[in-house]
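Peer 1: Give the three-dimensional model of this entry:
(2 chains)
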Amino acid sequence: MIFLSVGSELPFSRMVKAADLWHQANSEYQLIAQIGNLESSDYQPVSCEAQSLVDPDEYQRLSNEATILIAHAGMGSIINALTLGKPIVIMPRRGHLKETRNDHQYATAKKFADKKGVFVAWDETEFAGVMSEALAFSRMPDLNSGSRFAQKELLDNIRNFIDY
Amino acid sequence: MGKERKKLLAIASSGGHWVQLMRLRPAWDNCDVAYMTTELAYRDETLAYAKEKGLSAPRFYKTIVATRWQKFSLVRQLFDILLVLIKERPNVIISTGAAPGFFAIRVGKLLGAKTLWVDSIANAEELSLSGQKICNHADVCLTQWPELAGQDGKEKTPQFWGAVL
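Peer 2: I've put the predicted structure just below:
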């Protein structure tokens, strides 16, 4: 199963459409998509199993069961994938397209593009190719699963701050 | 040491901000902890963690979601936070953002709390908008990207102490 999430705030039609079109050509995979509350101008998926919002428990359950995650380049989604040790395909929302208020997701995607298991589709035209890479990666054994907590250095520094 | 346990309020909005806050929580295992966020369902994981570590159950407060375009919601959120601060009187306030953490640090500072802002790791090229505004008020303001440390040019520059990942 592949789980797509656009995050908890706004729809992300450009990515949902790319994923939905990919799924039409690759229907042997199950694609569950959390797509937000759509407005009439948003793309309505026809191929994947779409729902507007899922609660945190369901989000966690779907993330756990997925072989690959697909998400906007939001930190919550990326950290979630890294923590679970799942490959993730991310596509940044863009500021100039009014998909977010600035280009912070583009910056986030750039920072994480080199991380193992993170696959960036910079726009919808790259999506299908990047999915193939991620699927190939997911079939390799030996995925690093991440750790649950922050770097020890940061935790120690915060402990000192609290105690001081 | 025989010291009284410090009262700590850890506060963040939902999604990535909350995920990052949860990654920091071992830092306050020795404190008397209260959490505040915008999603009631997060309570379970705070209780599960306390149980797993043999800690006393943290208190949990919910406020409403508010973005900087929703003035009425922001006022309501500020009011919720004010009530919690008066009730809890935390010694230390730690936030990973966004609006709730901004309010809690602004008001908490006036009430004498020690305050720490941890700017989201998502802000890799510049500090978040709330981060830029809160940096002059929080006792310590952190960025998670070393190249952003000390670049603020204002009175209190962000520091780099490490990252949540």
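
Peer 1: Chain A: strands as residue ranges?
Peer 2: A:2-5, A:31-34, A:49-51, A:68-72, A:88-91, A:118-120 (DSSP state E).

Peer 1: and if you look at chain B?
Peer 2: Along chain B, the stretches classed as strands by DSSP E are B:7-12, B:32-37, B:59-62, B:92-97, B:114-118, B:140-143, B:159-160.

Peer 1: that older thread, would a markdown table of the strands of chain A with mean pLDDT be doable?
Peer 2: Rendered in a markdown table, the data for the strands of chain A read as follows (pLDDT from 0 to 100):
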| stretch | mean pLDDT |
| --- | --- |
| strand A:2-5 | 98 |
| strand A:31-34 | 97 |
| strand A:49-51 | 95 |
| strand A:68-72 | 97 |
| strand A:88-91 | 98 |
| strand A:118-120 | 96 |
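
Peer 1: hang on, the earlier thing: in a markdown table: the strands of chain B, plus mean neighbour count and distance to B:Gln132.
Peer 2: Yep, even glycine has a C-beta here, placed from its N, CA and C like the rest. Below are the strands of chain B laid out as a markdown table (neighbours: other CB atoms under 10 Å in any protein chain shown; distance: least, CB to CB, whole Å):
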| stretch | mean neighbour count | distance to B:Gln132 |
| --- | --- | --- |
| strand B:7-12 | 26 | 18 |
| strand B:32-37 | 22 | 22 |
| strand B:59-62 | 17 | 26 |
| strand B:92-97 | 28 | 12 |
| strand B:114-118 | 26 | 10 |
| strand B:140-143 | 24 | 9 |
| strand B:159-160 | 16 | 15 |
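
Peer 1: Dump the ones you listed to JSON lines, plus distance to A:His96 and mean pLDDT.
Peer 2: Listed next are the strands of chain B as JSON lines, based on distance: least, CB to CB, whole Å; pLDDT from 0 to 100:
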{"stretch": "strand B:7-12", "distance to A:His96": "29", "mean pLDDT": "98"}
{"stretch": "strand B:32-37", "distance to A:His96": "31", "mean pLDDT": "98"}
{"stretch": "strand B:59-62", "distance to A:His96": "35", "mean pLDDT": "98"}
{"stretch": "strand B:92-97", "distance to A:His96": "24", "mean pLDDT": "96"}
{"stretch": "strand B:114-118", "distance to A:His96": "29", "mean pLDDT": "98"}
{"stretch": "strand B:140-143", "distance to A:His96": "25", "mean pLDDT": "96"}
{"stretch": "strand B:159-160", "distance to A:His96": "30", "mean pLDDT": "95"}
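
Peer 1: mind putting those in JSON lines, distance to B:Val19 included?
Peer 2: Formatted as JSON lines, the strands of chain B follow (distance: least, CB to CB, whole Å):
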{"stretch": "strand B:7-12", "distance to B:Val19": "9"}
{"stretch": "strand B:32-37", "distance to B:Val19": "11"}
{"stretch": "strand B:59-62", "distance to B:Val19": "17"}
{"stretch": "strand B:92-97", "distance to B:Val19": "9"}
{"stretch": "strand B:114-118", "distance to B:Val19": "12"}
{"stretch": "strand B:140-143", "distance to B:Val19": "16"}
{"stretch": "strand B:159-160", "distance to B:Val19": "20"}
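
Peer 1: Can you add distance to chain A and give those back as CSV?
Peer 2: Rendered in CSV, the data for the strands of chain B read as follows (distance: least, CB to the nearest CB, whole Å):
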stretch, distance to chain A
strand B:7-12, 7
strand B:32-37, 11
strand B:59-62, 13
strand B:92-97, 5
strand B:114-118, 6
strand B:140-143, 6
strand B:159-160, 9
